[in-house]
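>>> sharing a model prediction with you, sequence too.
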Amino acid sequence: MAENSVAPVARGETFFKGGTADAAGGLHLEGTVHAFPDTDPDDVVKRRSGGNCVCILVRNKHSAAVTPGQVVTWDSTRPHQTTGAPAGGAVGVTICAGVVDDHLPSAGAPVDDLYWLIVRGRAKIEAQGSIGHNDHVFASGATTAGRAGVIASGSVSLTTALNQIGTGSETISSTAKGDIIVNMRIGPA
């Protein structure tokens, strides 16, 4: 998982690179873990921090493309596959997997393609409501699936706690994009 090892897929790309995705293609790569330098999605030469961003190569099994910074859940039938964004009621019964690679182009990763899922390090996400510096950030089950937000003090249930994805590293306005520090408690060490 060293930063200087060669990743089988570059950050900001998918396995099929815009070609026709095949559910059996790259099967041997599912679950690959790689540490990338923590770079800015808008300028990959510029480092956001001196740290790394730990990612898992996963397959999109959702019914639509997943987009950069979207919060997604695990597929219940197979490891290293994601079903897409947690929606309303789904957040309470499914555990968050991580954040879709924020370096992907806006079209994201199509169905059956492999993409990097951020489980540790900084990620640019879209906020459901305002997020403050050092706020605990959770997958949001309200209004717009795949966004992240904060929970009012005293209202955190066990299922909500299981969907904590990290901590705000800057103040983010409601529905704006901004950085958080992702720390998935169920991801790789």
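Sure thing, it's come through. Numbers count the residues shown, from 1 in each chain.
>>> okay, CA-based contacts and neighbour counts for the rest of this
Fine.
>>> just the strands in the chain please.
Using DSSP state E, the strands assigned to the chain run over residues 33-40, 43-60, 71-74, 81-84, 96-100, 114-126, 136-139, 148-149, 164-168, 177-183.
>>> dump the ones you listed into TSV; add distance to A24 as well.
Below are the strands of the chain laid out as TSV (distance: least, C-alpha to C-alpha, whole Å):
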stretch	distance to A24
strand 33-40	19
strand 43-60	10
strand 71-74	18
strand 81-84	12
strand 96-100	21
strand 114-126	11
strand 136-139	30
strand 148-149	31
strand 164-168	30
strand 177-183	30
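>>> nearest to G18, out of the ones you listed?
Between G18 and the strands of the chain, the shortest gap by C-alpha to C-alpha is with strand 114-126, which sits at 11.1 Å.
>>> quick one: low-confidence residue ranges for the chain.
1-4, 83-95, 140-147, 149-163, 175-176, 179, 183-189 (pLDDT under 70).
>>> of the strands of the chain, which stretch is the most buried?
Among those, judged by mean count of other C-alpha atoms under 10 Å, the one packed with the most neighbours on average is strand 96-100 (a mean of 31).
>>> tell me what that one is packed against?
Contact partners of strand 96-100 among helices and strands, from 3 or more C-alpha pairs under 8 Å, 6 or more residues apart in numbering; DSSP states H and E: strand 71-74, strand 114-126, strand 164-168.
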